[in-house]
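>>> Can you look at this prediction? I've put the sequence above it.
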Amino acid sequence: MLIPTEPIGSIPRPRELIEGIAATDEGRITESELEALYAEAVRDTIARFEETGSPVITDGEQRKPSFATYPIVGLPGLAADGAVIPFADGHTRQLPRLTEGPFRYQTFAAAYLAGAQPQATRPLKQAVISASALSLLYPADGIESYPREAFLADLVNEAEADIRGCLAQGADSVQVDFTEARLSLKLDPSGALLQSLVDLNNTVLRRFTAEERQRIGVHSCPGGDHDSTHSADIDYADLLPTLMQLDAGRLYLQIASEKDPGRVLAIVKEHLRPGQRVFVGVIDPIDPIVETPEQVRDRVVEAARHIPLDQLGTTDDCGFSPFADDTSTARDTAFAKIEARVKGTQLAAEALSS
């Protein structure tokens, strides 16, 4: 009996890389010197990922400035004063604001995949940002001569191309990061905003065949940045019924850090559709204590009480460092937690098959 297990994606960058990015911005080192730091970070990340025994790996998003903004770095017509995302500890992240059209990706995620593949001996998955997250770039008061409808049409085309490019490049799977789903219920408790975001993502997903969608998943969590979250106080009971309308073959759900995982799993069971596989979070990236394989095993066994084994997988609750400057979790800790997930999932598979 095999229970698939996958990472969410991001791994803390080496301090040398973080310092090198700052040094490049300040003109203290050259772009070629920075490229050498990126290349070494990717090489080391893939090697350490494979040492954990993880059957599916990533490049740790070492080259991404952030999981959300990688497609738009260098895009003309961006102002700095976009939507502000507050976290529970008081810090914030701010998105840029679009000031002109047309909207076009400057970087597609397949480029990261292509750079990592020559160094990997195991299947690579690739994360992409959701169309719904990038829809937040468009200002509420609109843009003259570039209506919202035109922006959304361009956005859907670009989001489709981002996913399709990764599939064509040979990604084992493509993960759409939809972390703003839970946050949307803080912004609009009625759920109308959440429904509109799900509908937008479904517009993208429905451009793919049913077979292709089996390789496309959606990840949702309450955010994870500098050991804090932006929406963990939002009840999953308000989120999951709408979230699980997504026409994706895979769902990656934060569950390990929930106060009552059994209650959440019962809601998942109620709304799970045929053909969907749920990768339940069994590792809490924010908790500095490394889970034991036995703890992971018990979490998987609990999940199996609610989710059929042929629709069950395991993952981490969130990425370990979705923003490049986040040093709150050590690389050693991240890889130790991943190894615990791999070993614990195997223990659970053995226990459930006995």
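Noted; the coordinates are in hand.
>>> pretty sure residue 89 contacts residue 225?
No: contact status for residue 89 versus residue 225: not in contact, 9.2 Å apart, counting by CB atoms under 8 Å. Placement of C-beta: from N, CA and C, glycine included.
>>> ok, residues contacting the helix or strand hosting residue 114?
Per DSSP states H and E: residue 114 is located in helix 110-116. Contacts to helix 110-116, defined as CB atoms under 8 Å, 6 or more residues apart in numbering, come from residues 42, 46, 58-59, 61, 63-64, 70, 124, 126, 162, 165-166, 168-171.
>>> if we go to 7 Å?
42, 46, 59, 63-64, 124, 126, 165-166, 169, 171 (CB atoms under 7 Å, 6 or more residues apart in numbering).
>>> Please apply the same query to stretch 259-272.
236-237, 240-241, 244, 253, 255, 258, 278, 302-303, 306-307, 311.
>>> One more pass at 10 Å, please.
Residues outside stretch 259-272 that contact it (CB atoms under 10 Å, 6 or more residues apart in numbering) are 232, 235-237, 239-245, 251, 253-255, 258, 276, 278, 280-282, 299, 302-308, 311-312.
>>> Just the ones in strands from the contacts of helix 110-116, please.
residue 126 (DSSP state E).
>>> if we can go back for a sec, comparing residue 89 and residue 225, which shows the higher neighbour count?
residue 225 (24 against 10; other CB atoms under 10 Å).
>>> Over to the more buried one: give its phi and psi.
Residue 225 adopts backbone torsions of phi -150, psi 130, taken as degrees, to the nearest 10.
>>> what mean pLDDT does the helix holding residue 114 have?
For helix 110-116, the mean pLDDT works out to 97.
>>> Quick check: buried residues in that helix?
Buried positions in helix 110-116, judged by neighbour count with 16 or more other CB atoms under 10 Å: 110, 112-113, 116.
>>> and what of stretch 227-244?
228-232, 234, 236, 239-240, 242-244.
>>> distance between that stretch and the chain's centre?
15 Å (CA atoms, centre = their mean, to the nearest Å).
>>> Would you quantify the distance from residue 286 to residue 215?
29 Å (CB to CB, to the nearest Å).
>>> Repeat that for residue 158.
For residue 158, the distance to residue 215 - CB to CB - is 19 Å.
>>> For this protein, just list every one of the helices.
Assigned by DSSP state H, the helices in the chain fall at 15-25, 31-51, 110-116, 131-135, 148-169, 180-187, 192-205, 210-213, 236-243, 261-271, 293-304, 331-353.
>>> What pLDDT does the model give residue 1?
57.
>>> Contact partners for residue 13?
Here residue 13 is in contact with 19-21, 37-38, 41, 45, 60-64, 321, 323-327, 331 (CB under 10 Å, 6+ apart).
>>> Buried among the residues you listed? Make that a ChimeraX selection.
The ChimeraX selection below is limited to those of those classed as buried (16+ other CB under 10 Å):
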select :20,21,37,38,41,45,60,61,62,63,64,321,323,324,326,331
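>>> give me the number of residues near the residue lying closest to residue 104 once chain neighbours are set aside?
Residue nearest to residue 104 in three dimensions, not counting chain neighbours: residue 158, with 6.5 Å by CB to CB, 6 or more residues apart in numbering. By other CB under 10 Å, 19 other residues sit near residue 158.
>>> correct me, but residue 158 touches residue 71?
Yes: Residue 158 sits in contact with residue 71 when judged by CB atoms under 10 Å, with a separation of 7.1 Å.
>>> Would you mark the buried spots in stretch 276-288?
Result for stretch 276-288 [16+ other CB under 10 Å]: buried residues 276-286.
>>> closest to residue 317 among these?
residue 281 (3.7 Å; CB to CB).
>>> doesn't residue 299 make contact with that closest one?
Yes: between residue 281 and residue 299 there is a contact under CB under 10 Å: 8.6 Å.
>>> intersection of neighbour lists for the two?
255-256, 261, 314, 341.
>>> Which members of those are the farthest-apart pair?
261 and 341 (15.1 Å).
>>> Look at the two and report which has more neighbours.
residue 341 (28 against 19).
>>> List the beta-bridge partners for the residue nearest to the more buried one when sequence neighbours are not counted.
Distance criterion CB to CB, 6+ apart; nearest residue to residue 341, sequence neighbours excluded, is residue 283 at 4.9 Å. Residue 283 has these beta-bridge partners by DSSP bridges: residue 316.
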